[in-house]
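Student: Fold the following and give me the result.
(one chain, ligands or ions: 1)
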Amino acid sequence: MAKLPWQRVWIIGASTGIGFEIAKQLAAAGVEVAASARNVDHLAGLAHIHPFKLDVTNAASVAKTFQNIGDNLGPVDLVIGAAGKYKPVFSQELSLEDFRSTLDVNYMGVINMLDAVLPAFRARRSGHVAWIASVAGYLGLPKSAAYGPTKAALINLAEGLKPELEQFNITTSVINPGFVRTPMTDGNDFPMPFLMEPVEAARRTIEGLAKGKFEIAYPTRFVLILKTLRLLPNWAFFAITRRLIGPPASKP
Ligand SMILES: NC(=O)c1ccc[n+]([C@@H]2O[C@H](COP(=O)([O-])OP(=O)(O)OC[C@H]3O[C@@H](n4cnc5c(N)ncnc54)[C@H](OP(=O)(O)O)[C@@H]3O)[C@@H](O)[C@H]2O)c1
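Tutor: Numbers count the residues shown, from 1 in each chain. Next comes the predicted model:
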């Protein structure tokens, strides 16, 4: 891997899946990685990976962890919000708790991260903030009533913050993966077009971040299909997405 522009990176959601792969690849390139998630015991002892146990829904813990990382490892150059929760169910099967907890982890988790790091990044006028949204944030899809809106919000958040953060020399990136083979998608019982391996997803993410790209989206063909779908008039858009659901559920 070419020389990377960061000495220290903090990844929240680094225990499995895409976040874990990013951590491993950065560590292999000699970057010091602070790796956070609720379950981090298995990360102990890995070269250049420093586990910091954290529940991202607890804002005070996120701030404290950022402080601990600074005290123990030194200032962080890049933070990546990779924590996520996905429950693929129809709207009528969801509980309020599902909506709330998905929003808490996926969206408020990133807000908690930004709240912790931005004062320091602004003060020193440098830093890179990145988070994983999803191509599911481009458009509303059946079975995504809890998850999709949180990812749409994350894309909107990145678009809104980028110009403001630029004034402080802070880089903003939003990562929009298609389907990636991780514990999150392992239970999916529907076809996942263009399914990507996490090693490749992490490689593309790091490459895009190193270039300071705003949006890092993959796989390219899937991204183009979904972005085109979004441009269709509503009647055509819904004619397609209606086909993604079966007959009406018995429950109202
Ligand atoms: N896989 C895909 O197809 C796909 C596609 C588009 C976007 N994404 C997004 O990519 C990101 C990574 O997902 P993944 O596919 O790699 O799934 P994953 O393997 O399930 O990883 C999710 C990560 O989030 C952490 N996490 C969950 N709740 C947390 C909490 N309350 N506090 C701290 N960490 C928490 C998990 O660790 P602990 O359980 O140990 O806390 C784990 O490290 C997510 O934001 C996901 O929405 C995935």
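Student: going forward, measure contacts and count neighbours with C-alpha atoms only.
Tutor: Fine.
Student: What does the pLDDT read for the most centrally placed residue in the chain?
Tutor: Nearest residue to the geometric centre of the chain (Cα atoms, centre = their mean): I132, 1.9 Å. At I132, the model reports a pLDDT of 98.
Student: wait, it sits on V79?
Tutor: No: the criterion here is Cα atoms under 8 Å, and I132 misses it with V79 at 11.1 Å.
Student: roughly how far out does the longest helix along the chain sit from the chain middle?
Tutor: Once the chain is assigned using DSSP state H, the helix that runs over the most residues is helix 147-166. Here the centre of helix 147-166 is set off from its chain's centre by 11 Å, with Cα atoms, centre = their mean, to the nearest Å.
Student: Kindly report the same for stretch 34-49.
Tutor: Its chain's C-alpha centre and that of stretch 34-49 lie 18 Å apart, by Cα atoms, centre = their mean.
Student: got the end-to-end distance for that stretch?
Tutor: 6 Å (Cα to Cα, to the nearest Å).
Student: Which of the residues in whichever strand or helix holds G109 are classified as buried?
Tutor: Element membership for G109 (DSSP states H and E) is helix 109-124. Buried residues in helix 109-124, counting neighbours by 16 or more other Cα atoms under 10 Å, are found at G109, V110, I111, N112, M113, L114, A116, V117, L118, F121, R122.
Student: which ones are touching F168?
Tutor: Listed by Cα atoms under 8 Å, 6 or more residues apart in numbering, the contact set of F168 reads F121, R122, R125, S126.
Student: Looking at these, which is nearest the ligand?
Tutor: Of all the contacts of F168, the ligand sits closest to F121, with 21.8 Å by Cα to the nearest ligand atom.
Student: Tell me how far the closest one lies from W6.
Tutor: Counting by Cα to Cα - F121 and W6 are separated by 14 Å.
Student: do the same with S134
Tutor: In terms of Cα to Cα, S134 sits 24 Å off from W6.
Student: same thing with K211?
Tutor: In terms of Cα to Cα, K211 sits 12 Å off from W6.
Student: and those two? which has more neighbours close in?
Tutor: Per other Cα atoms under 10 Å, whichever of K211 and W6 has more neighbours is W6, with 17 against 11.
Student: so that one, which of the three states?
Tutor: coil (DSSP: H, G, I helix; E, B strand; the rest coil).
Student: That one reaches D77, doesn't it?
Tutor: Yes: counting by Cα under 8 Å, W6 touches D77, with 5.8 Å between them.
Student: and the buried residues of helix 109-124 as CSV, adding distance to the ligand and pLDDT?
Tutor: Conversion of these to CSV gives the following (distance: Cα to the nearest ligand atom, whole Å; pLDDT from 0 to 100):
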residue, distance to the ligand, pLDDT
G109, 7, 98
V110, 10, 99
I111, 13, 98
N112, 11, 98
M113, 11, 99
L114, 14, 98
A116, 14, 98
V117, 16, 98
L118, 19, 98
F121, 22, 98
R122, 24, 98
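Student: wouldn't P219 be in contact with P177 here?
Tutor: Yes: counting by Cα under 8 Å, P177 is a contact partner of P219 at 7.0 Å.
Student: More neighbours: the two, which one.
Tutor: P177 (25 against 21).
Student: Let me know the pLDDT of that one.
Tutor: 98.
Student: Return the residues in contact with it.
Tutor: I132, A133, S134, V135, A201, I216, A217, Y218, P219.
Student: again, only using 10 Å
Tutor: Shown in contact with P177 (Cα atoms under 10 Å, 6 or more residues apart in numbering): 18, 132-136, 195-196, 201-202, 204-205, 216-220, 222-223.
Student: Kindly supply the ChimeraX command isolating those of the residues you listed that are buried.
Tutor: Listed next is the ChimeraX selection for buried residues among those, using 16+ other Cα under 10 Å:
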select :18,132,133,134,135,136,196,201,202,204,205,216,217,218,219,222,223
